[in-house]
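**Student:** sharing a model prediction with you, sequence too.
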Amino acid sequence: MKDGIKAFLKRKDIVFSAKRYGVDALGAMAQGLFCSLLIGTIINTIGTQFDIECLTKSVATVNGINYTVGGLASAMSGPAMAVAIGYALKTPPLVLFSLITVGFASNALGGAGGPLAVLFVAVIASELGKAVSKETKVDILVTPLVTIGAGVALSAWWAPALGKAALKFGEIIMWATDLQPFLMGVVVSVLVGIALTLPISSAAICAALGLTGLAGGAALAGCSAQMIGFAVISFKENRWGGLVSQGIGTSMLQMGNIIKNPRIWIAPIMASAVTGPVATCIFKLKMNGPAVSSGMGTCGLVGQIGVYTGWVNDVANGLKSSITSMDYVGLVLVSFILPAIIALAVNAVLKKIGWVKEGDMKLE
């Protein structure tokens, strides 16, 4: 019996392993998130800032809701992540296409914790779909029914709880904003920075919480530190492609490597811990643009554009006399220069003591 189950799982390519779920699935999900929610936000920001009509006007109306090009991309984040996970798990076509519905359901029901819900639900739905695939003569009916049925049921059962857990995390961030600037800078920067790299949407959390002002500046610092930090310390392994994909893409690409060696995360987290209070106490960096920009870091430079948008609005409303050279210096130092210097210095120490080795941050 046991041998029969092993043979069945092998035939179906169902492998219960940390690598399959914690490395392959996570890495693929990060790419799905970038190709939907993050790229959609970038498109909207470019369209708004440069007044590009084709990017700012509505191109579709669904149930009374108008969507721009970027809005359509962002709306597909759940399906994109689920399909990416299914692709990584080598699912058959019928399972892969059925995951579109599963991803939409789990992301929608998960709220701010949607990406986390998609990860859990899509993995289970994928494996169940693979298990029944091509086992009957009516595969075209059975496989989608099992994949979608299981996925939607699990979404209804688990996604809201995962969403509440993510919102609880957001409450911690809000609590941190009530602290004095130094501690707030450290706590918010580190926590939101970690959320950016984890399979949780830091952008969605910041948007849901309306995280702007000084707290938004700290969040931006933490996210930037994660992205720039990983981009520069892994440059030897990933070269220019890795620098761009992580530095203006997403540090979530390193999640699989973090699971294999959590110590590679120390340098970016330390960079977050330093740049956060620098942003809040020294430069008084505030995110008065869209709240979603607080959780974007350097992704497509959306975070930095959000800060600039806030400056422009503040000047227009009389809250700020002008945009000074010190404003630009602070933004560049906090977003790019300090994270790179701090992460490189800390990572050099980690390599010297043997905690981080060559190849630990190599992207597939």
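**Tutor:** It's in. Numbering: from 1, shown residues only.
**Student:** CA atoms for contacts and neighbours, from now on please.
**Tutor:** Fine.
**Student:** low-confidence ranges in the chain?
**Tutor:** 1, 112, 169-170, 173-174, 177-179, 200-201, 204, 208-210 (pLDDT under 70).
**Student:** what ranges does it have for its strands?
**Tutor:** 60-62, 65-67 (DSSP state E).
**Student:** quick one: the longest helix belonging to the chain to chain centroid distance?
**Tutor:** Across the chain, the longest stretch assigned as helix under DSSP state H is helix 139-177. What separates the centre of helix 139-177 from the centre of its chain is 16 Å, taken as CA atoms, centre = their mean, to the nearest Å.
**Student:** go through that helix and flag the buried ones.
**Tutor:** Buried residues in helix 139-177, counted by 16 or more other CA atoms under 10 Å: 142-144, 146-156, 158-163, 165-167, 169-170, 173-174, 176-177.
**Student:** elements contacting it?
**Tutor:** Packed against helix 139-177 by the contact rule (3 or more CA pairs under 8 Å, 6 or more residues apart in numbering; DSSP states H and E) you find helix 93-110, helix 114-132, helix 181-197, helix 202-209.
**Student:** how far off centre is the second one?
**Tutor:** Taking CA atoms, centre = their mean, the mean C-alpha location of helix 114-132 is offset from the chain mean by 19 Å.
**Student:** what angle separates that helix from helix 139-177?
**Tutor:** Relative orientation of helix 114-132 versus helix 139-177 (axes from the mean of the first three to the mean of the last three CA atoms, to 10 degrees): 160 degrees.
**Student:** with only the CA atoms kept, save helix 114-132 in PDB.
**Tutor:** Backbone C-alpha positions of helix 114-132 (Å, rounded to 0.1, in the frame of the first residue of the first chain) are rendered in PDB as follows:
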ATOM      1  CA  GLY A 114      -4.200  37.900  -0.300                       C
ATOM      2  CA  PRO A 115      -0.700  36.900  -1.500                       C
ATOM      3  CA  LEU A 116      -0.200  34.700   1.600                       C
ATOM      4  CA  ALA A 117      -3.700  33.100   1.000                       C
ATOM      5  CA  VAL A 118      -2.900  32.500  -2.600                       C
ATOM      6  CA  LEU A 119       0.300  30.700  -1.700                       C
ATOM      7  CA  PHE A 120      -1.300  28.200   0.600                       C
ATOM      8  CA  VAL A 121      -4.500  27.600  -1.400                       C
ATOM      9  CA  ALA A 122      -2.800  27.500  -4.800                       C
ATOM     10  CA  VAL A 123      -0.300  24.900  -3.700                       C
ATOM     11  CA  ILE A 124      -3.000  22.500  -2.300                       C
ATOM     12  CA  ALA A 125      -5.300  23.000  -5.200                       C
ATOM     13  CA  SER A 126      -2.500  22.400  -7.600                       C
ATOM     14  CA  GLU A 127      -1.500  19.100  -6.000                       C
ATOM     15  CA  LEU A 128      -5.100  17.900  -5.800                       C
ATOM     16  CA  GLY A 129      -5.600  18.800  -9.400                       C
ATOM     17  CA  LYS A 130      -2.500  16.900 -10.400                       C
ATOM     18  CA  ALA A 131      -3.600  13.900  -8.400                       C
ATOM     19  CA  VAL A 132      -6.900  13.500 -10.500                       C
END
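**Student:** helix 93-110 and that one, what's the angle between them?
**Tutor:** Using the same axes, to 10 degrees: helix 114-132 against helix 93-110 is 150 degrees.
**Student:** sorry, back to before: can you put the strands of the chain in CSV and add mean neighbour count and distance to residue 53?
**Tutor:** CSV is the format used below for those (neighbours: other CA atoms under 10 Å; distance: least, CA to CA, whole Å):
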stretch, mean neighbour count, distance to residue 53
strand 60-62, 10, 14
strand 65-67, 13, 13
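**Student:** distance to residue 289 for those - can I get that in JSON lines?
**Tutor:** As requested, the strands of the chain are arranged in JSON lines below (distance: least, CA to CA, whole Å):
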{"stretch": "strand 60-62", "distance to residue 289": "26"}
{"stretch": "strand 65-67", "distance to residue 289": "21"}
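**Student:** thinking again about what came up before, show me the one of the helices and strands packed on helix 139-177 that comes nearest residue 226.
**Tutor:** helix 181-197 (6.0 Å; CA to CA).
**Student:** which elements pack onto the closest one?
**Tutor:** On a contact count with 3+ CA pairs under 8 Å, 6+ apart, helix 181-197 meets helix 139-177, helix 202-209, helix 213-233, helix 266-277.
**Student:** again, only using 6 Å
**Tutor:** Counting contacts by 3 or more CA pairs under 6 Å, 6 or more residues apart in numbering; DSSP states H and E, helix 181-197 packs against helix 139-177, helix 213-233, helix 266-277.
**Student:** how about those helices in JSON lines, adding distance to residue 363?
**Tutor:** Shown next, in JSON lines, are the helices and strands packed on helix 181-197 (distance: least, CA to CA, whole Å):
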{"stretch": "helix 139-177", "distance to residue 363": "27"}
{"stretch": "helix 213-233", "distance to residue 363": "11"}
{"stretch": "helix 266-277", "distance to residue 363": "17"}
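**Student:** between those helices, which one is closest to residue 4.
**Tutor:** Short answer: helix 139-177, nearest of the helices and strands packed on helix 181-197 by CA to CA, at 21.7 Å.
**Student:** for residue 57, what are its contacts?
**Tutor:** Residues in contact with residue 57 (CA atoms under 6 Å, 6 or more residues apart in numbering) are residue 68.
**Student:** thank you, goodbye.
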